[in-house]
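**Q** My questions concern the predicted model and sequence given below.
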Amino acid sequence: MSDLTRLTISQARAKLRAKEITATEITEAYLLAIDRANPALNAYVAVTGDKARDMAKTSDARLLKGEGGALEGIPLGIKDLFGTEGVHTQACSHVLDGFKPRYESTVTSNLWADGAVMLGKLNMDEFAMGSSNETSYYGPVINPWRRSRVDTVVMPTTHQGDGGFVSAGGTKTQRSLDNAHLVPGGSSGGSATAVSAFLCAGATATDTGGSIRQPAAFTGTVGIKPTYGRCSRWGIVAFASSLDQAGPIARDVRDAAILLKSMASVDPKDTTSVDRPVPDYEAAIGKPIKGMKVGIPKEYRVDGMPEEIEALWQKGIAWLRDAGAQIVDISLPHTKYALPAYYIVAPAEASSNLARYDGVRYGLRMPGKDIVEMYEKTRDAGFGREVKRRIMIGTYVLSAGYYDAYYLQAQKVRNLIKRDFENVFAAGVDVILTPATPSAAFGIADEDMAADPVKMYLNDIFTVTVNMAGLPGIAVPAGLDPKGLPLGLQLIGRPFEEETLFQTAAVIEQAAGTFQPEKWW
Amino acid sequence: MSVDVKTVKRVAHLARIAVSEEDAERMTGELNAILGFVEQLNEVDVSGVEPMTSVTPMQMKKRGDVVTDGNKAADIVANAPATDENFFLVPKVVE
């Protein structure tokens, strides 16, 4: 039997419906793959084998009767940020020690209603704060991709007597993998690694400043952050409520479309859930983009951007032009202010959302001589450095005397960022093409980034504008850099026009192909 | 604007996070790096610009003022570190 973990969701769906394979078989294949790979990659923080087998059995019964849902029998990984009933849900933080919710998030409920199988909970940056998955209480996730180097090897001339082995000498080139561990990006690093390393067919993720798109770009996978309000936030651990959105990470564009269709819904339990029917995203794939207007924002050409990123961008432009799209230069003048505004708005909202972790209602409690000392010790012990840093920034910018200078100013700038996009869309631009990240994946424990938090924040420079404006954005793999690491392009669309993103991303995917890491784990 | 160690300690207390002297000093440097980075927002002309209150233009959804949920005290306290008969237990607050 061929390796079932290599099937895309659309391929597995066809085989399950045709009864060529069973949900139990594919689930067992994934559980075995996780068992073998997780010690090396650290993608899962909890594996729900028994639950997965039970769900697969139910799926098989439904499939046998021809009653399978849209995702019947498809094994998925779930980011630890999603509340899953009776199952480990800690946002990869120590402060939520032992937390097992008595409820299920709307997004995961939708997936299970469509027949998907849960394999387990995926590693992430603590409370989704990070761009490298190194802030997790459960340790960093390892990117299945490694740098490779091409060596020229001199072959000596050999002669071993009569009829023996003879080599004429000369040289040959060989590619070899470097041993250095790379980060998968963050915060959805576990989701990206699990999808890329064939440890789930697809995964849920969330994106507050780039947490779906940046890890997707670092691992050669497809990730979409839908429009704010498209997926319900109910039951997802809150980071920055005006920016957080759930979305999928998948192996190809079609799989991402299939997953988003099931994840998205109109939910009365989330007042920001938008009252619009969920379209059939998959139907957009393969539609021609002839005549579509693609905007190229000049502000995304930043100082110090590596040559290969610029080259990739140019390739993307050429592919879309060849497919009949009209390429236009555009300007989004407030782009450079998106990241600083984000680092006021997001920490401010986080400091408020994370006030609930007080050692009383759930999770960790450290003893103290009175209630205030108990709070302070619990939060000191329970939160990691990056989370504390952001709570501190948020508390400071919201404190008396500073609110106007920081928070109010940032929310005004945020309106200007949104207006930039509205202006180009009003001028007829259908979709915007940019690089997804300013670099390929970097090393674990990168010294520059550890020394300066702002350096780490710059990873989100191309993705954060989209969250600030509430727009949909997709990262799609577009090639490999000279060291053999995947690079992604980003497409940004009008609100609720995710179909345009799938349609255009499919054109890029068709031209660029798909990318799988060489297995070393 | 920048912060000093004293301000960092005050903010940490507001945020209910215990900080050691060493933590406070490290955080002072980190927070100043971030505050220095966000300083560039001051160069933006925001005259006449409203602060954003909602990223998607939509009416706040309303629902009927009826009880739709409840009677799950045991579920609510299920994850608490210390409880007694469906009450949360905390250190003594009032003398």
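**A** The structure has been received and is ready for your questions. Residues are numbered from 1 along each chain as shown, chains lettered A, B, ... in the order given.
**Q** would you list every one of the strands in the stretch 201-350 of chain A?
**A** A:202-207, A:222-225, A:245-250, A:293-297, A:326-330 (DSSP state E, counting those that start in this stretch).
**Q** now those strands in TSV, with mean neighbour count, distance to A:Asp380 and mean pLDDT?
**A** C-beta coordinates here come from the backbone N, C-alpha and C atoms, glycine included. TSV is the format used below for the strands of the stretch 201-350 of chain A (neighbours: other C-beta atoms under 10 Å in any protein chain shown; distance: least, C-beta to C-beta, whole Å; pLDDT from 0 to 100):
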stretch	mean neighbour count	distance to A:Asp380	mean pLDDT
strand A:202-207	30	26	98
strand A:222-225	34	33	98
strand A:245-250	30	30	98
strand A:293-297	21	43	98
strand A:326-330	14	47	98
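**Q** Tell me which of the ones you listed lies nearest to chain B.
**A** Closest approach to chain B among these (C-beta to the nearest C-beta): strand A:245-250, 10.1 Å.
**Q** Can you list the strands that the closest one pairs with?
**A** strand A:202-207 (antiparallel), strand A:222-225 (antiparallel) (DSSP bridges).
**Q** middle-most residue in the chain, spatially?
**A** I went with chain A, as the question did not name one. For chain A, the residue sitting closest to the mean C-alpha position, by C-alpha atoms, centre = their mean, is A:Ile212 at 2.4 Å.
**Q** Actually, chain B is the one I wanted.
**A** The centroid of chain B falls nearest to B:Ala15 when counting by C-alpha atoms, centre = their mean (7.1 Å).
**Q** separation between the closest residue to it other than its chain neighbours and A:Ile78?
**A** Nearest residue to B:Ala15 in three dimensions, chain neighbours excluded: A:Thr395, at 4.3 Å (C-beta to C-beta, 6 or more residues apart in numbering or on different chains). As judged by C-beta to C-beta, to the nearest Å, A:Thr395 and A:Ile78 stand 31 Å apart.
**Q** cool, A:Thr206 as well?
**A** 11 Å.
**Q** Domain map for chain A?
**A** Following automatic domain parsing, one finds the domains of chain A at A:4-143+A:186-284, A:148-177.
**Q** if you compare those domains, which one is most tucked away?
**A** The highest average neighbour count among the domains of chain A, using mean count of other C-beta atoms under 10 Å in any protein chain shown, belongs to domain A:4-143+A:186-284 at a mean of 24.
**Q** looking at it, the residue nearest to the centre of chain A is touching A:Ile249, isn't it?
**A** Yes: between A:Ile212 and A:Ile249 there is a contact at 6.2 Å, judged by C-beta atoms under 8 Å.
**Q** I'd like the next helix or strand past the lowest-mean-pLDDT helix or strand in chain A.
**A** Lowest by mean pLDDT, DSSP states H and E among the helices and strands of chain A is strand A:166-167, with a mean of 64. Moving toward the C-terminus from strand A:166-167, the first helix or strand encountered (DSSP states H and E) is strand A:170-177.
**Q** residues making contact with that next one?
**A** For strand A:170-177, the external contacting residues (C-beta atoms under 8 Å, 6 or more residues apart in numbering or on different chains) are A:146-155, A:484, A:518, A:520.
**Q** Recalculate using a threshold of 7 Å.
**A** A:Arg146, A:Ser148, A:Arg149, A:Val150, A:Asp151, A:Thr152, A:Val153, A:Val154, A:Met155, A:Glu518, A:Trp520 (C-beta atoms under 7 Å, 6 or more residues apart in numbering or on different chains).
**Q** That strand: partners in the sheet, and parallel or antiparallel?
**A** strand A:148-155 (antiparallel).
**Q** Tell me the gap between the partner strand and the middle of its chain.
**A** In terms of C-alpha atoms, centre = their mean, to the nearest Å, the centre of strand A:148-155 is found 34 Å from the chain centre.
**Q** just to revisit the earlier point, residues in contact with the residue nearest to the centre of chain B?
**A** A:Ser351, A:Ile391, A:Met392, A:Thr395.
**Q** farthest-separated two in these?
**A** A:Ser351 and A:Met392 (7.9 Å; C-beta to C-beta).
**Q** where exactly do the strands run in chain B?
**A** Here chain B has its strands, by DSSP state E, at B:83-84, B:87-88.
**Q** what about the longest helix in chain B?
**A** Assignment by DSSP state H gives helix B:21-38 as the longest helix of chain B.
**Q** could you give the mean pLDDT of stretch A:270-287?
**A** The average pLDDT within stretch A:270-287 is 96.
**Q** who's in contact with residue 8?
**A** Because you didn't say which chain, this covers chain A. Per C-beta under 7 Å, 6+ apart, neighbours of A:Thr8: A:Arg251, A:Asp252, A:Asp255.
**Q** look at chain B instead
**A** By C-beta under 7 Å, 6+ apart, the neighbours of B:Val8 are B:Ala24, B:Met27, B:Thr28, B:Leu31.
**Q** let's go with 8 Å and repeat that
**A** For B:Val8, counting by C-beta under 8 Å, 6+ apart, the contacting residues are A:Met392, B:Val19, B:Ala24, B:Met27, B:Thr28, B:Leu31.
**Q** what are the ranges of the helices in chain B?
**A** With DSSP H as the criterion, chain B has helices spanning B:5-14, B:21-38, B:73-77.
**Q** Now render those helices as CSV, adding distance to A:Phe99 and mean pLDDT.
**A** What follows is the helices of chain B, written out as CSV (distance: least, C-beta to C-beta, whole Å; pLDDT from 0 to 100):
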stretch, distance to A:Phe99, mean pLDDT
helix B:5-14, 24, 97
helix B:21-38, 25, 95
helix B:73-77, 13, 96
